[in-house]
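1. Can you look at this prediction? I've put the sequence above it.
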Amino acid sequence: AQVKSENSKTIWNTEEVSEGAEFDDTWDPRDQPEYEILFKQSVGTEDVFFGMSRKDLSTACCEDIVIKIKLPETKYADITLNIQDKVLDLRTPKKKLLLHLPYRVDSRNGKARFLSEEETLEVTLRVSREFDFINFA
(Lines give C-alpha, C1' and ligand atoms only; values in the text may rest on other atoms or scores of the structure.)
Protein backbone atom coordinates (compact mmCIF):
# COMPACT_ATOMS: atom_id res chain seq x y z
CA ALA A 1 0.00 0.00 0.00
CA GLN A 2 1.58 3.25 -1.13
CA VAL A 3 0.72 6.57 0.42
CA LYS A 4 0.10 9.38 -2.03
CA SER A 5 1.54 12.74 -1.11
CA GLU A 6 -0.20 16.06 -1.58
CA ASN A 7 2.41 17.20 -4.08
CA SER A 8 3.25 14.64 -6.75
CA LYS A 9 6.84 15.95 -7.09
CA THR A 10 7.88 15.24 -3.50
CA ILE A 11 10.09 12.23 -2.97
CA TRP A 12 9.18 11.62 0.70
CA ASN A 13 6.40 12.33 3.15
CA THR A 14 6.95 14.70 6.06
CA GLU A 15 6.22 11.81 8.46
CA GLU A 16 9.28 9.96 7.13
CA VAL A 17 11.74 12.72 8.09
CA SER A 18 12.95 12.52 11.68
CA GLU A 19 12.53 15.50 13.99
CA GLY A 20 15.64 17.68 14.00
CA ALA A 21 16.80 16.69 10.51
CA GLU A 22 16.56 20.33 9.44
CA PHE A 23 19.46 21.16 11.79
CA ASP A 24 21.79 18.45 10.51
CA ASP A 25 24.51 19.97 8.34
CA THR A 26 27.14 17.45 7.25
CA TRP A 27 29.21 20.16 5.58
CA ASP A 28 29.67 22.20 8.76
CA PRO A 29 33.39 21.96 9.68
CA ARG A 30 32.91 22.67 13.41
CA ASP A 31 33.87 19.91 15.83
CA GLN A 32 31.41 18.13 18.08
CA PRO A 33 32.06 18.85 21.77
CA GLU A 34 32.43 16.16 24.39
CA TYR A 35 29.16 15.53 26.20
CA GLU A 36 27.68 13.27 28.81
CA ILE A 37 24.04 12.26 29.30
CA LEU A 38 22.90 11.58 32.86
CA PHE A 39 19.49 10.59 34.20
CA LYS A 40 17.96 11.92 37.43
CA GLN A 41 15.12 10.65 39.52
CA SER A 42 13.72 11.91 42.76
CA VAL A 43 13.52 9.30 45.48
CA GLY A 44 12.35 9.50 49.04
CA THR A 45 12.71 7.34 52.11
CA GLU A 46 9.74 5.24 51.02
CA ASP A 47 11.67 4.33 47.86
CA VAL A 48 15.09 3.73 49.42
CA PHE A 49 14.24 1.98 52.67
CA PHE A 50 10.79 0.50 52.19
CA GLY A 51 10.62 -0.11 48.43
CA MET A 52 7.00 1.11 48.44
CA SER A 53 7.08 2.62 44.96
CA ARG A 54 7.78 0.70 41.80
CA LYS A 55 10.89 2.74 41.00
CA ASP A 56 14.10 0.99 40.09
CA LEU A 57 17.51 2.03 38.77
CA SER A 58 16.50 2.00 35.10
CA THR A 59 16.07 5.11 32.95
CA ALA A 60 12.36 4.27 32.67
CA CYS A 61 11.94 5.59 36.22
CA CYS A 62 13.88 8.84 35.74
CA GLU A 63 12.20 12.24 35.64
CA ASP A 64 15.02 14.37 34.20
CA ILE A 65 17.77 14.16 31.61
CA VAL A 66 20.95 16.12 32.35
CA ILE A 67 23.31 16.81 29.46
CA LYS A 68 26.78 18.10 30.37
CA ILE A 69 28.58 19.62 27.38
CA LYS A 70 32.27 20.57 27.53
CA LEU A 71 32.83 23.92 25.80
CA PRO A 72 36.46 24.99 26.25
CA GLU A 73 37.36 28.57 25.33
CA THR A 74 33.68 29.54 25.00
CA LYS A 75 31.82 32.48 26.48
CA TYR A 76 28.24 32.21 27.68
CA ALA A 77 27.14 34.89 25.20
CA ASP A 78 28.43 32.82 22.25
CA ILE A 79 26.17 29.82 22.97
CA THR A 80 23.02 29.25 20.93
CA LEU A 81 20.79 26.48 22.31
CA ASN A 82 17.61 25.19 20.69
CA ILE A 83 15.56 22.44 22.35
CA GLN A 84 12.76 20.53 20.65
CA ASP A 85 10.79 17.53 21.90
CA LYS A 86 13.44 14.98 20.86
CA VAL A 87 16.39 17.13 19.72
CA LEU A 88 19.02 19.34 21.36
CA ASP A 89 20.84 21.70 18.97
CA LEU A 90 23.83 23.62 20.33
CA ARG A 91 25.98 26.04 18.31
CA THR A 92 29.05 28.06 19.26
CA PRO A 93 31.63 29.68 16.99
CA LYS A 94 33.92 26.61 17.33
CA LYS A 95 31.59 23.72 18.23
CA LYS A 96 28.32 22.22 17.02
CA LEU A 97 26.20 19.51 18.64
CA LEU A 98 23.04 17.98 17.22
CA LEU A 99 21.84 15.45 19.76
CA HIS A 100 18.82 13.22 19.29
CA LEU A 101 17.52 12.68 22.81
CA PRO A 102 16.66 9.19 24.09
CA TYR A 103 13.25 10.31 25.41
CA ARG A 104 10.74 13.01 24.54
CA VAL A 105 11.25 16.07 26.78
CA ASP A 106 9.26 19.12 27.79
CA SER A 107 11.00 21.59 25.49
CA ARG A 108 9.42 24.66 27.09
CA ASN A 109 10.47 24.01 30.68
CA GLY A 110 14.14 23.26 30.96
CA LYS A 111 17.13 24.76 32.71
CA ALA A 112 20.59 25.53 31.40
CA ARG A 113 23.53 26.90 33.31
CA PHE A 114 27.07 27.60 32.22
CA LEU A 115 29.76 26.63 34.71
CA SER A 116 32.57 28.94 33.64
CA GLU A 117 35.22 27.39 35.93
CA GLU A 118 34.63 23.95 34.40
CA GLU A 119 33.83 25.34 30.90
CA THR A 120 30.71 23.17 30.87
CA LEU A 121 27.11 23.83 29.88
CA GLU A 122 24.68 21.83 31.99
CA VAL A 123 21.20 21.39 30.49
CA THR A 124 18.42 19.81 32.59
CA LEU A 125 15.27 18.70 30.76
CA ARG A 126 12.10 17.15 32.21
CA VAL A 127 11.21 13.86 30.54
CA SER A 128 7.72 13.93 29.08
CA ARG A 129 6.31 10.41 29.05
CA GLU A 130 3.03 8.65 29.09
CA PHE A 131 1.72 7.47 32.43
CA ASP A 132 2.29 3.77 32.98
CA PHE A 133 2.60 1.41 35.93
CA ILE A 134 5.89 3.05 37.00
CA ASN A 135 5.30 6.70 36.13
CA PHE A 136 1.84 7.38 37.47
CA ALA A 137 2.34 10.60 39.44
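-> Nice, thanks for sending it over.
2. what about the strands in this protein?
-> For the chain, the strands defined by DSSP state E cover 35-40, 64-70, 80-83, 87-91, 96-100, 105-115, 120-127.
3. got the buried residues for the first one?
-> By neighbour count with 16 or more other CB atoms under 10 Å, strand 35-40 contains the buried residues 35, 39. C-beta: built from backbone N, CA, C; applies to glycine.
4. circling back to that earlier point, relative to residue 27, which of the strands of the chain is closest?
-> Among these, strand 96-100 comes nearest to residue 27, with 11.2 Å by CB to CB.
5. Dump the strands of the chain into a markdown table; add mean pLDDT as well.
-> As requested, the strands of the chain are exported to a markdown table (pLDDT from 0 to 100):
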| stretch | mean pLDDT |
| --- | --- |
| strand 35-40 | 93 |
| strand 64-70 | 95 |
| strand 80-83 | 93 |
| strand 87-91 | 93 |
| strand 96-100 | 92 |
| strand 105-115 | 92 |
| strand 120-127 | 94 |
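6. quick one: residue 118 from residue 36, how far?
-> According to CB to CB, to the nearest Å, residue 118 stands 12 Å off from residue 36.
7. Can you lay out the strands of the chain as TSV showing distance to residue 29?
-> Converted to TSV, these look like this (distance: least, CB to CB, whole Å):
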stretch	distance to residue 29
strand 35-40	19
strand 64-70	19
strand 80-83	17
strand 87-91	13
strand 96-100	9
strand 105-115	24
strand 120-127	21
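8. Nearest to residue 10 among those would be which one?
-> Closest to residue 10 of the strands of the chain is strand 87-91 (CB to CB; 22.5 Å).
9. So which elements touch the closest one?
-> With contacts defined as 3 or more CB pairs under 8 Å, 6 or more residues apart in numbering; DSSP states H and E, the packing partners of strand 87-91 are strand 80-83, strand 96-100, strand 120-127.
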